[in-house]
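Peer 1: got a sequence here, can you build the structure:
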Amino acid sequence: MTEQAIFDRIVSIIQERQGEDFVVTENLSLKDDLDADSVDLMEFVLTIEDEFGIEISDEEIDQLQSIADVLKAIKEKI
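Peer 2: Residues are numbered from 1 along each chain as shown. Now for the predicted structure:
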């Protein structure tokens, strides 16, 4: 799977929650730009895990600050 394909799937997941007009970039902050609290972040991670068939540890979740971080974590696991 290409990096662009992974990114496109992440964008789709975020836009399902935020609306189709929501602009997603690799620099998007999960906490600030998505206004995500810890529950929202956990739901997002669970969705990512299901979508890509991967597991992200609690330690890795703590390191996820931006979409670029999520993209990197997924690429390392698939």
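Peer 1: looking at the chain, which helix or strand is least sure?
Peer 2: Least confident element among the helices and strands of the chain, by mean pLDDT, DSSP states H and E: helix 58-63 (a mean of 92).
Peer 1: mind listing the strands for the chain?
Peer 2: Assigned by DSSP state E, the chain shows no strands.
Peer 1: give the contact list for the residue of it positioned farthest from its centre.
Peer 2: Relative to the centre of the chain, and counting by C-alpha atoms, centre = their mean, the farthest-placed residue is Asp21 at 17.2 Å. For Asp21, no contacting residues are found, by C-beta atoms under 8 Å, 6 or more residues apart in numbering. To be clear about C-beta, it is placed using only N, CA and C from the backbone, and glycine gets the same treatment.
Peer 1: find the nearest non-adjacent residue to the residue nearest the centre of the chain, please.
Peer 2: With distances taken as C-alpha atoms, centre = their mean, Val70 lies nearest the centre of the chain, 4.8 Å away. Leaving out its chain neighbours, the residue that sits closest to Val70 by C-beta to C-beta, 6 or more residues apart in numbering is Leu64, at 5.6 Å.
Peer 1: my read is that the one you found contacts Ile48, right?
Peer 2: No. Under the criterion of C-beta atoms under 8 Å, Leu64 is not in contact with Ile48, lying 9.3 Å apart.
Peer 1: overlap of the contact sets of those two?
Peer 2: In terms of C-beta under 8 Å, 6+ apart, Leu64 and Ile48 are both contacted by the residues 56, 70.
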